[in-house]
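**Q** Requesting a structural model of the entry that follows:
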Amino acid sequence: MTSTPANSRAGRKEWTAFAVLMLPLLLVSMDVSVLYFALPEISAELRPSSTQQLWIFDIYGFALAGLLITMGSLGDRIGRRKLLMLGATAFGVASVAAAYADSAEMLIAARALLGIGGATLMPSTMALSRNLFQDPKQRATAIGIWSGAMAGGVALGSVLSGVMLSHFWWGSVFLINTPVMALLLILVPILVPEFKDPAPGKFDLLGVPLSMGAVLPVIYGLKESAAHGFSGPRALWIAAGLLIGLVFVHRQRTHAHPMISPELFRRRGFGSSIGLNLMASFAMMGSALFTTQYLQSVLGKGPLEAALWSLLPSVMVGAAGPASAAIAQKVNRAYVIGGGFLVAAAGFGLLTLAGTDSLWLVLIAAGVLASGIVTVMSLVTDMAMGTAPAEKAGSASSLLETGQEFGGALGMALLGVVGNAVYRHDMSDKLPADLPSGLPAEALDAARETLGGAAAVADRLSGRAGDEMLGAAREAFTHGMQVAAVAGALVLVTAAALAAVALRHVRVEAPAAEEADGVEEAGADAEADVEPTAGPTDGPYGIGAEPGTASVEAQPEPVASR
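**A** Predicted coordinates:
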């Protein structure tokens, strides 16, 4: 392996800057789940309709997913640090607005603004992390930590929500964002240098609605299918998004200044990394759909208790990213990625053994599965970011994160359909024959459709009939989880084979010294004397400078990064 010069290795300043970048990442990921326990209080005070209640939950994720590509491209053009600070400001203001919302409409609007802010923060933190660490080993470690923080934030959000609500009013779950974002606005200009594309071209305004039109209908259709099953209208939503996606791809391939440069996909390993990251997210979100319901609806845990139990697998996840980065320095990363998929498949395998009282088995399975998936995500993210030109790091990170959103929605939809089909089949056979004749037919239909519906019917029954109903529903749900786990394991075994074949000859090109054209030193007028090294025929990985900033030029040196 070609060594990276010592002067390109990150020091204490870069690692401190990276720690600061983890703050907004944690908050963005926590906001996905922070409303889990706040909804009853919000419903009592704001009295949203059922439709408004759904949008209070979903608008954040939709705004986030729909704008990732736009914001990644924008960050490459105006500067990733600048976009990060704009996003932090928007996120902080939106948090205050959400905390003091006095109507459902205001809360929905604030959640939408939070999603817009989140869409700026996620690609900015990843792209800046890629720029801070020029040494491949350090970059891989940093991205491993980034992936673990992203996964851990979702689990932490629900627990923090429960703790805050036990002491304060529901708005406190949003208000905790504001001091963190204020701290970010102080520290980022001091610690984090600015990076941007030196020759970005004109911004593709038409690409913005096309990218949103490609992403949002597909994710909406998949989410609705996961919740209510596939149907004609939901299939039309998905088809419409795919059709607009084709138009968007055509524009990116033919436009003079595309939002997503086709050059990214000419880099060997980049497209494969996007696809494998999607498959990893498929497994992560698909499994979470079952394990969270299992803890609450099968084992009967309360929301806060279930959230606390769900933190245990995160202990394993925290070490997975950095450990996989260390292993990949000695073993071809294609095989480490394939091994991560197989570990995750083993987690699915453990889920197939679960019964209706298998708390520890399910927690261990979730931990094994999540550890394998974080291994995959951290390594394919590092591969994608390492092969992408530095000036396109924002666009590259936004593509990775958009693929994650697609994968998560697809996992919940497809594995959810498998589990629901098994549940409905079992419940058709297992419903007790001696139910009271006065029970409405729609109640029985609800019991056959979901475990929640069966629990509601069981509450209306007394004695043996209610116990039989709930017991049958829990067994049917667990059986559905087992079959879905088999399907998930097959997907992951396939992904392991694809990774081993598609990535085994991929080398990550890392610059010998990437303190490139136009890096604005933060907090001091530090100068870097870097001698350019020979690079590939594609040309330099320049990073744009604002007028008057210190600049040095560096060419990338291909590094055989396993």
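**Q** packing partners for the helix ranked longest in the chain?
**A** Using DSSP state H to define each element, the chain has its longest helix at helix 464-503. Contact partners of helix 464-503 among helices and strands, from 3 or more C-beta pairs under 8 Å, 6 or more residues apart in numbering; DSSP states H and E: helix 270-293, helix 333-351, helix 359-387, helix 393-430, helix 451-460. Using the backbone N, CA and C atoms, a C-beta is placed for each residue, glycine as well.
**Q** Count the residues that sit near S428.
**A** 10 (other C-beta atoms under 10 Å).
**Q** Would you agree it is in contact with R448?
**A** Yes: here S428 reaches R448: they are 6.2 Å apart, a contact under C-beta atoms under 8 Å.
**Q** Off-centre distance for the longest helix of the chain?
**A** Put simply, helix 464-503 sits 21 Å off its chain's centre (C-alpha atoms, centre = their mean, to the nearest Å).
**Q** Let me see the mean pLDDT of that helix.
**A** Helix 464-503 comes out with an average pLDDT of 88.
**Q** Stretch 446-454 now?
**A** For stretch 446-454, the mean confidence score works out to 75.
**Q** for that stretch, which positions count as buried?
**A** A446, A447, R448, E449, T450, L451, G453, A454 (16 or more other C-beta atoms under 10 Å).
**Q** Stretch 417-433 too?
**A** V417, V418, G419, N420, V422, Y423, D426, M427, K430, L431.
**Q** and of those, the nearest to M259?
**A** V417 (32.8 Å; C-beta to C-beta).
**Q** follow-up on the earlier one: the longest helix of the chain: which residues count as buried?
**A** In helix 464-503, counting by 16+ other C-beta under 10 Å, buried: 465-466, 468-470, 472-485, 487-489, 491-493, 495-496, 498-500, 502-503.
**Q** same deal with stretch 103-119?
**A** Buried residues in stretch 103-119, counted by 16+ other C-beta under 10 Å: 104, 107-119.
**Q** can you check stretch 209-217 too?
**A** L210, S211, M212, G213, A214, V215, L216, P217.
**Q** Skip ahead from the strand or helix carrying the third one and say which helix or strand is next.
**A** I take that to be M212. Remark: M212 resides in helix 207-228, with elements defined by DSSP states H and E. Sequence order places helix 232-254 as the next helix or strand after helix 207-228, per DSSP H and E.
**Q** Can you pull the phi and psi angles for E194?
**A** Torsion angles at E194 (phi, psi; degrees, to the nearest 10) stand at phi -90, psi 140.
**Q** Leaving out the residues flanking it, which one is nearest to F282?
**A** G411 (3.7 Å; C-beta to C-beta, 6 or more residues apart in numbering).
**Q** which ones are touching that neighbour?
**A** S281, F282, A283, M284, M285, G286, S287, L289, G488 (C-beta atoms under 8 Å, 6 or more residues apart in numbering).
**Q** Could you check how many residues crowd around the first one?
**A** Counted by other C-beta under 10 Å, the residues lying close to S281 total 24.
**Q** number of nearby residues for the residue nearest to it when sequence neighbours are not counted?
**A** Nearest non-adjacent residue to S281, counting by C-beta to C-beta, 6+ apart: G407, 3.2 Å away. Neighbour count for G407, taken as other C-beta under 10 Å: 23.
**Q** So G407 is in contact with I274, correct?
**A** No: counting by C-beta under 8 Å, G407 does not reach I274; the two are 9.8 Å apart.
**Q** what residue ranges in the stretch 301-450 of the chain score low on pLDDT?
**A** For the stretch 301-450 of the chain, applying pLDDT under 70 flags the ranges 318-319, 321, 431-443.
**Q** follow-up on the earlier one: got the buried residues of stretch 209-217 as a markdown table, with pLDDT and distance to L160 columns?
**A** A markdown table is the format used below for those (pLDDT from 0 to 100; distance: C-beta to C-beta, whole Å):
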| residue | pLDDT | distance to L160 |
| --- | --- | --- |
| L210 | 87 | 37 |
| S211 | 83 | 32 |
| M212 | 85 | 30 |
| G213 | 85 | 35 |
| A214 | 82 | 34 |
| V215 | 83 | 28 |
| L216 | 85 | 28 |
| P217 | 87 | 32 |
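**Q** ok, of these, which one's closest to F270?
**A** Nearest member of these to F270, counting by C-beta to C-beta, is S211, at 18.1 Å.
**Q** For the residue nearest to that closest one when sequence neighbours are not counted, report the pLDDT, please.
**A** With sequence-adjacent residues excluded and distances taken as C-beta to C-beta, 6+ apart, S211 is closest to I69, at 4.4 Å. Per-residue pLDDT puts I69 at 83.
**Q** All further residue positions should be reported with the first residue as 506.
**A** In the new count, where the first residue is 506, that last one comes out as I574.
**Q** In this structure I574 contacts G908, no?
**A** No: if you go by C-beta under 8 Å, I574 and G908 don't touch, sitting 10.5 Å apart.
**Q** With neighbour numbers in mind, choose between those two.
**A** Legend: neighbour count by other C-beta under 10 Å for I574 and G908, higher for I574 (28 against 22).
**Q** contacting residues around that one?
**A** For I574, the contacting residues are S716, V720, M764, I765, S900, S903, L904, T907, by C-beta under 8 Å, 6+ apart.
**Q** Isn't the second one up against G746?
**A** Read it as V720. Yes: V720 lies in contact with G746 (C-beta under 8 Å); the separation is 6.9 Å.
**Q** circling back: what strand or helix carries the residue nearest to S716?
**A** helix 555-583.
**Q** tell me the angle that helix makes with helix 712-733.
**A** With axes from the mean of the first three to the mean of the last three C-alpha atoms, to 10 degrees applied, the angle from helix 555-583 to helix 712-733 works out at 140 degrees.
**Q** Quick check: next helix or strand after helix 555-583?
**A** helix 585-604.
**Q** What helices and strands are in contact with that following helix?
**A** helix 517-535, helix 555-583, helix 609-637, helix 677-680, helix 682-696, helix 898-935.
**Q** pLDDT averaged over the helix or strand following the first one, what's the number?
**A** Same thing as helix 517-535. Next in sequence after helix 517-535, counting helices and strands by DSSP H and E, comes helix 544-551. For helix 544-551, mean pLDDT rounds to 79.
**Q** Show the secondary-structure elements that helix 544-551 is packed against.
**A** Here helix 544-551 touches helix 555-583, helix 609-637, going by 3+ C-beta pairs under 8 Å, 6+ apart.
**Q** residues in contact with L904?
**A** Taking C-beta under 8 Å, 6+ apart, we find L904 in contact with I574, G577, I765, L769, I779, A889.
**Q** Turn these into TSV, including distance to S815.
**A** Compiled in TSV, those are given as follows (distance: C-beta to C-beta, whole Å):
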residue	distance to S815
I574	31
G577	30
I765	35
L769	36
I779	28
A889	29
